[in-house]
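Asker: Below is the sequence, then the predicted model.
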Amino acid sequence: MLAGLVTFIKLQVHQNRAMKLAVQAILRDRLLQSFQFCKRQGFATSDDRQNFENMYVQLVLGDVNWVAALSAGGFGFITAVLLALTGLPEASQE
């Protein structure tokens, strides 16, 4: 019975890791889509910026070792996209 419990826990840990990686991939994709949309428009509204920053924070904080990942450049590309988005002109939301 104990062996079955250990096996179950290992399976849950594996599935949890897989789900975490899937959510990170989806967040990266949405961040890139959001940036590309704003870049094509030539501007980003304050809502666009806020949504992007919220997704970015969740992506970074979703990694247990986010400090190590950031210092190792693990989110370097997405951080560069964030900086590029903040460099776009801001437009009103009319």
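Answerer: It's in.

Asker: Point to the residue nearest the middle of this protein.
Answerer: residue 59 (3.0 Å; Cα atoms, centre = their mean).

Asker: Shouldn't that residue be within a helix?
Answerer: Yes. Per DSSP: H, G, I helix; E, B strand; the rest coil, residue 59 lies within a helix segment.

Asker: could you say which helix or strand contains the spatially closest residue to it that is not a sequence neighbour?
Answerer: Spatially, and ignoring its direct neighbours in sequence, residue 59 is nearest to residue 27 (4.4 Å; Cβ to Cβ, 6 or more residues apart in numbering). In this view, the C-beta of every residue, glycine as well, is placed from N, C-alpha and C. According to DSSP states H and E, residue 27 maps onto helix 2-41.

Asker: so after that helix, what's the next helix or strand?
Answerer: strand 44-45.

Asker: That following strand packs against which elements?
Answerer: When contacts are defined as 3 or more Cβ pairs under 8 Å, 6 or more residues apart in numbering; DSSP states H and E, strand 44-45 packs onto strand 90-91.

Asker: Tell me which strands the strand it packs on pairs with, and in which orientation.
Answerer: strand 44-45 (parallel) (DSSP bridges).

Asker: Return the distance of stretch 54-64 from the chain's centre.
Answerer: The gap between where stretch 54-64 is centred and where its chain is centred comes out at 5 Å by Cα atoms, centre = their mean, to the nearest Å.

Asker: now swap in stretch 6-17 and tell me
Answerer: Distance of stretch 6-17 from the chain centroid (Cα atoms, centre = their mean) equals 24 Å.

Asker: Equivalent analysis for stretch 11-28, please.
Answerer: Averaged over its C-alpha atoms, stretch 11-28 has a centre that lies 12 Å from its chain's centre (Cα atoms, centre = their mean).

Asker: which residues are in contact with stretch 41-59?
Answerer: By Cβ atoms under 8 Å, 6 or more residues apart in numbering, the surrounding residues in contact with stretch 41-59 are 24, 27-28, 30-31, 34-35, 37-38, 75, 78-79, 82, 85-86, 88-93.

Asker: Just give me the neighbour total for the nearest residue to residue 91 once chain neighbours are set aside.
Answerer: In space, and not counting its chain neighbours, residue 91 is closest to residue 43: 3.9 Å by Cβ to Cβ, 6+ apart. Residue 43 is flanked by 12 other residues according to other Cβ atoms under 10 Å.

Asker: With that, I have no additional questions.
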